[in-house]
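> model this:
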Amino acid sequence: MSAPVIVSASSQATAEALLRDARARRATFPDERFHGFTASVTFREDAQTLSGRVTLKSVRDIACELPGARAESVQWLQSLLAMNIAHRLERTGGMPVPTDHPVRFAEGEENALGVKLVFEGDPLESSYRLQDGVITEVCRRMHGARFVITTLEVVTTEDGRHLPKHYVVTYFDPETGRLASVAQYTELYEKVGEMYLPSHIRVVEISHEKPTVRALDLRDLALLSD
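Below you'll find the predicted structure:
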């Protein structure tokens, strides 16, 4: 086991300041003002195309009317939208993310994605990379898997905040460390009122089996009021 890295109080404060700044630059949904949305949806799964409606009231309340869709496809779509929204709520929305653990620089591990920050004492073994105010990488153990989220491109909103456009999620076997699967995401947004809602999400998943390509387009987006 390597010796622990000793970090000065000033560098600790700098690491935490960088993380606060990067989080503040994300385009989020104010919890007290975001009550969900409705939209027409076109869902494509490999060669099949289906159309319907989606009503999202919260990450745990998503109604999807998609005639002809398999139950597994509807569940996948609901999970995708839940994750998309949950990661943008100002609070965690029930998602287990490290917020209360001290953060420090991982000395000597900077690369082209930026500096690496490690959350000390986090049971999820989380680490981030930051570059130019953007969280470019998230590493974590969760739900029996180890994964790395790598952000390749972001969208900058009118007020200078960021939304992910292209990113890759790589999954590893937590025991062997071997590559398990890769999912590549492309996301586009539409400004509705003061909020940016997802208008297009495409996911290309590659595992030991054949690749799976799914995409959804959301139109006629309308925010729900309380």
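
> which ones are touching the spatially closest residue to Glu120 that is not a sequence neighbour?
What sits nearest to Glu120 in space, not counting adjacent residues and going by C-beta to C-beta, 6 or more residues apart in numbering, is Pro102, at 4.7 Å. Quick note: C-beta positions are derived from backbone N, CA and C, even for glycine. Under the criterion of C-beta atoms under 8 Å, 6 or more residues apart in numbering, the contact list for Pro102 reads 12, 16, 119-121.

> now the residue sitting nearest the centre point of the chain: how far from Tyr185?
By C-alpha atoms, centre = their mean, the chain has its centre lying nearest to His87, at 5.3 Å. As for His87, its distance to Tyr185 is 11 Å (criterion: C-beta to C-beta, to the nearest Å).

> now Val204
8 Å.

> Check Arg104 too.
To Tyr185, Arg104 is 29 Å away according to C-beta to C-beta.

> Tell me which of Val204 and Tyr185 has more neighbours.
Just comparing Val204 and Tyr185: by other C-beta atoms under 10 Å the higher neighbour count belongs to Tyr185, 20 against 15.

> Wait, a strand at the more buried one?
Yes. Judged by DSSP: H, G, I helix; E, B strand; the rest coil, Tyr185 forms part of a strand.

> Quick check: it touching His200?
No. Look at Tyr185 against His200 with C-beta atoms under 8 Å: they stay out of range, at 10.7 Å.

> picking up where we left off before, for the residue nearest to the centre of the chain, give me the pLDDT.
On the pLDDT scale, His87 is placed at 89.

> could you pull out the strands for the chain?
Secondary structure of the chain (DSSP state E): strands at 37-45, 48-58, 61-65, 103-105, 115-119, 127-131, 134-142, 145-156, 162-172, 179-192, 195-206, 212-223.

> quick one, which of those strands is nearest to Ser79?
strand 61-65 (8.8 Å; C-beta to C-beta).

> tilt between the closest one and strand 48-58?
Relative orientation of strand 61-65 versus strand 48-58 (axes from the mean of the first three to the mean of the last three C-alpha atoms, to 10 degrees): 150 degrees.

> chain center to strand 61-65, what's the gap?
Relative to the chain's own centre, strand 61-65 is displaced by 20 Å; criterion: C-alpha atoms, centre = their mean, to the nearest Å.

> For it, which outside residues touch it?
So strand 61-65 is in contact with 36, 41, 52-57, 74, 77-78, 81-82, going by C-beta under 8 Å, 6+ apart.

> wouldn't Arg202 be in contact with Tyr185 here?
Yes. The pair Arg202 / Tyr185 is scored as a contact, 7.2 Å apart, by C-beta under 8 Å.

> Neighbours of Ala63, how many?
Residues within reach of Ala63, counting by other C-beta under 10 Å, total 12.

> no wait, Glu125
Residues lying near Glu125 (other C-beta under 10 Å) number 14.

> what about this protein, any weak spots by pLDDT?
Low-confidence segments of the chain, defined by pLDDT under 70: 1-13, 91-99.

> ok, Ile206 - contacts?
Contact analysis of Ile206 by C-beta under 8 Å, 6+ apart lists 181-184.

> That one pairs with what?
Val182 (DSSP bridges).

> separation between it and His166?
Computed as C-beta to C-beta, the Ile206 to His166 distance reads 15 Å.

> same check, this time on Glu109
Distance from Glu109 to His166, counting by C-beta to C-beta: 24 Å.

> again, but for Ile85
Using C-beta to C-beta, Ile85 is found at 19 Å from His166.
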